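> Sequence isn't available, so here's the structure alone:
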């Protein structure tokens, strides 16, 4: 069975193309599966399976009509597209998989960054000033509000650090969730510098959820009969939430403090591999514990070992091939 990827972009700075087209194509080839990124109609015709990139939904529909004998799939499909005639969907997390469960075949391939796989990892040393880092879309910066923001302000009273933000839009006017601290550096994410930018970090932060406060006023007493209490967590997160931003830190040897997004628990559920936090005290205590360089090294080494065990991309590629074969 030969696989062909169909994509209107070949820009490696686009994460969905880089991971699920460029890298996945290479993983298939390494595991002995014939695979190609199609650049001509003849290549499309020569394939048994066609996988369309995130932004090529319309191409998938056209191919399904014109090539009824081929299996056609789409990557990272928007949840509101509920009527597409495709044979399978490839997603990046269990959260996303469940949101698209109205499709018969939804297959998971995690956001593993091949460009970081064999990169030298950070060696942690004692230092007077720490670098605490964030990377990802500027839209997630508001998720520092309210708890992580308050925690960083508290930590700054005890530990000298700079906050490095590597983001998709360095010109974004960050207001919601921006901590009132010194030394915030905002830099544009670039495929040419992201490796060095992240290796400079001593601690990685991965906020994603929106906290929704719970109080007596919105949890009437009688609702306790339904198992609802004033101490309940209420959080909101995108259906496409995933652990990709944590993964990159794990790969580079940077210890992580992340939030309650379910996919973060695959590795960070083990306290030897990192920290999960939600409220101010949780974030603050987790970050403060990583002020010690030996703790940072211990956590980073364990997280990398667990990442390598659970997220071998060739194992996932073989599994995905077998799932597609069974469609």
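Sure, I can see it. Just so it is clear, the structure is predicted and the values come from calculations on it, not from any experiment. Numbers count the residues shown, from 1 in each chain.
> what about the helices in this protein?
Assigned by DSSP state H, the chain shows helices spanning 15-17, 24-30, 41-45, 57-66, 94-99, 147-155, 194-199, 244-252, 265-268, 280-289, 293-310, 313-325.
> now the residue at minimal distance from the centre of the chain, nearest residue through space, not along the chain?
When CA atoms, centre = their mean is applied to the chain, the residue found nearest the centroid is residue 244 (2.2 Å). The shortest distance from residue 244 to any non-neighbouring residue, by CB to CB, 6 or more residues apart in numbering, is to residue 111 (3.3 Å). Quick note: C-beta positions are derived from backbone N, CA and C, even for glycine.
> can you tell me how far the one you found sits from residue 143?
Distance, residue 111 to residue 143, using CB to CB, to the nearest Å: 18 Å.
> Likewise for residue 240?
Distance from residue 240 to residue 143, by CB to CB: 14 Å.
> Same check on residue 113?
Counting by CB to CB - residue 113 and residue 143 are separated by 21 Å.
> out of the two, which sits in the more crowded spot?
residue 143 (24 against 19; other CB atoms under 10 Å).
> What about residue 267, how many residues nearby?
Residues lying near residue 267 (other CB under 10 Å) number 24.
> ok, now residue 90?
Residue 90: 24 neighbours (other CB under 10 Å).
> beta partners of it?
Assessed by DSSP bridges, residue 90 has beta-bridge partners residue 75, residue 107.
> I'd like the numbering to begin with 622 instead of 1 from here.
In the new numbering, first residue 622, that becomes residue 711.
> so what's it scoring on pLDDT?
We have a pLDDT of 98 for residue 711.
> Surely it touches residue 672?
Yes. Using CB atoms under 8 Å, residue 711 is in contact with residue 672, at 6.9 Å.
> Give the residues shared as contacts by the two.
641, 694-696 (CB atoms under 8 Å, 6 or more residues apart in numbering).
> Can you name the residues that contact residue 676?
628-630, 637.
> Can I get the residues you listed in CSV including neighbour count?
Converted to CSV, the contacts of residue 676 look like this (neighbours: other CB atoms under 10 Å):
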residue, neighbour count
628, 24
629, 11
630, 14
637, 16
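> So which of the residues you listed sits lowest on pLDDT?
Lowest pLDDT among those: residue 630, with 91.
> Pretty sure that one sits against residue 638.
Yes. With contact defined as CB under 8 Å, residue 630 reaches residue 638; the gap is 5.5 Å.
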